[in-house]
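K.L.:
I need the structure of the sequence given here:
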Amino acid sequence: MTNRLIRIVDRQLQDNGNKSLFYVTPDGRYVVEPSPRFIRDLFREWKTRKNPEVEPMAEYAVQRVIESLLHANQFLNFSIRDIQELKGMYLQFALELVPLAKGADNAVREEADNAFREHYRKLREFLIRTNGQAIFAKYKENAYLFDVVCAQYSPEFQANTMGIAGLTLKEPILDIGCGKDANLVRFLRMNGFQAYGIDRSVETTEYTTKANWFEFSLQPNYWGTVFSHMAFSNHFGHHLLRRDGDYRAYMQNFIEILQSLKVGGTFIFSPTIPFLEKAMENDSNFRLVRYEEQTAAIMRLHGVKGK
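P.N.:
Sure thing, here's the model as predicted:
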C-alpha cells in the first residue's frame, strides 16, 4: 500500500480520533461523521489508479482502528474471529466507495456520506455485540473520549510491585499481558532467564507472541513461573464488577493458567482478586503462598493430591 494512502487513512482517524462513536447530539446526530478531507483525498487517489488498493487499505484501517480502540479503553476485547469479521466489514465498505470515487458531483458526495454513516452504524453494532452494552454507557454521555489509562511500566517497577526481586524464579517464565515492548520479558532475558511474553499489542518474535490470552494455548504442567502485572487479574476484576461481564470466561482461563504450572510453579499477579484468597483455602492442588494489598502468588503443590 502506498505511503500516500497510509497518510489518508491516518488523517481520517485523526479527524474523528477523539470523538465518541456513541454520543448523539440533542438534534439526533452522531458526532462521528465522515471527514470531507478523507473523502476528497481518497477519491483523488483512487481516480488515478486502475486497480485501487482496496484490500491492503481495509487491512491497515482495521489494524489502526483496533489500536485506537484499545488505546481508549484497555478493557475492550476482540478475538481472532472478531477481527476477521471487522476486516470483512471494512473491505465491504471500501468496495462500496470505489465506484463512487469515479464521480464528482453532489449526488455522489451524498452517497459517500450515507455509506460512511451506515458503516459507523455497523461498527457500533459490532462493538456492542462483541463487548456488551455496559462498557459503552459512559461514551454516550460525552462527545469526546475519556481514556482508561493503560501504561507500560518499567521492569524494575513491575518486579518491585510483584515482589519478585531476589526470588529464585522457576523456569520457563511467561508474562501474560507483557505490553507492546515486553519490558519485563526483555529484562529477564538480559539477566539469563528463559522468559516469554504474550500480548495483543506485541510483535511476534522468538520469545513474544501477539495473542489474546483467551486464544493462547497454555500447555499443562509446563511453566515454572507465570506473571501478570496490571493485565489478566485487572481485566478479571473489571468483568466481575460489570453487570454484563464475562467473568466465567476469565475464571476458566484462570484455572487453565494454574494448570499450566509445573509442580512447584507459581502464578504471581497484580492487582489481587479478593475472592480468590477464600477460594484457595479449599483447593488441595494449589496454595495461596502470598496475598498482599497489591499482589498475590499461587503455587502448584508438590504431591498434587495433598499438602
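
K.L.:
work out for me the element the nearest residue to residue 17 once chain neighbours are set aside sits within.
P.N.:
With sequence-adjacent residues excluded and distances taken as CB to CB, 6 or more residues apart in numbering, residue 17 is closest to residue 68, at 6.4 Å. (C-beta placed from N, C-alpha, C; glycine too.) According to DSSP states H and E, residue 68 maps onto helix 54-72.

K.L.:
next helix or strand past that helix?
P.N.:
helix 80-100.

K.L.:
output that next one as PDB, nothing but the C-alphas.
P.N.:
The C-alpha coordinates for helix 80-100 follow below in PDB (Å, rounded to 0.1, in the frame of the first residue of the first chain):
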ATOM      1  CA  ILE A  80      -9.400 -13.500  16.200                       C
ATOM      2  CA  ARG A  81     -12.800 -14.200  14.800                       C
ATOM      3  CA  ASP A  82     -14.000 -10.700  15.800                       C
ATOM      4  CA  ILE A  83     -11.000  -9.100  14.000                       C
ATOM      5  CA  GLN A  84     -11.700 -11.200  10.900                       C
ATOM      6  CA  GLU A  85     -15.300 -10.000  11.000                       C
ATOM      7  CA  LEU A  86     -14.200  -6.400  11.300                       C
ATOM      8  CA  LYS A  87     -11.800  -6.900   8.300                       C
ATOM      9  CA  GLY A  88     -14.800  -8.100   6.300                       C
ATOM     10  CA  MET A  89     -16.800  -5.100   7.300                       C
ATOM     11  CA  TYR A  90     -14.100  -2.700   6.200                       C
ATOM     12  CA  LEU A  91     -13.400  -4.500   3.000                       C
ATOM     13  CA  GLN A  92     -17.100  -4.300   2.100                       C
ATOM     14  CA  PHE A  93     -17.200  -0.600   3.000                       C
ATOM     15  CA  ALA A  94     -14.100   0.100   0.800                       C
ATOM     16  CA  LEU A  95     -15.700  -1.800  -2.100                       C
ATOM     17  CA  GLU A  96     -18.800   0.400  -1.800                       C
ATOM     18  CA  LEU A  97     -16.700   3.500  -2.000                       C
ATOM     19  CA  VAL A  98     -14.700   2.500  -5.100                       C
ATOM     20  CA  PRO A  99     -17.400   3.200  -7.800                       C
ATOM     21  CA  LEU A 100     -18.300   6.500  -6.000                       C
END
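
K.L.:
what average pLDDT does it get?
P.N.:
Helix 80-100 carries an average pLDDT of 92.

K.L.:
next, the buried residues of that helix.
P.N.:
82-83, 86-87, 89-91, 93-94, 96-97, 100 (16 or more other CB atoms under 10 Å).

K.L.:
just how off-centre is the next helix or strand along the chain from that helix within its chain?
P.N.:
Beyond helix 80-100 on the C-terminal side, the first helix or strand identified by DSSP H and E is helix 106-131. The chain centre lies 23 Å from the centre of helix 106-131; the measure is CA atoms, centre = their mean, to the nearest Å.

K.L.:
same question, stretch 270-285
P.N.:
Averaged C-alpha coordinates place stretch 270-285 at 26 Å from its chain's average position (CA atoms, centre = their mean).

K.L.:
quote the end-to-end distance of it.
P.N.:
Start and end residues of stretch 270-285 are separated by 22 Å (CA to CA, to the nearest Å).

K.L.:
and for that stretch, what's in contact with it?
P.N.:
161-162, 228-230, 233-234, 236-237, 240, 286-288, 291-296, 298, 300-301, 304-307 (CB atoms under 8 Å, 6 or more residues apart in numbering).

K.L.:
whichever of the residues you listed end up buried, select them in PyMOL.
P.N.:
Written as a PyMOL command, the selection of buried residues from the contacts of stretch 270-285, which uses 16+ other CB under 10 Å, is:
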select buried, resi 161+162+228+229+230+233+234+236+237+286+288+295+296+298+300+301
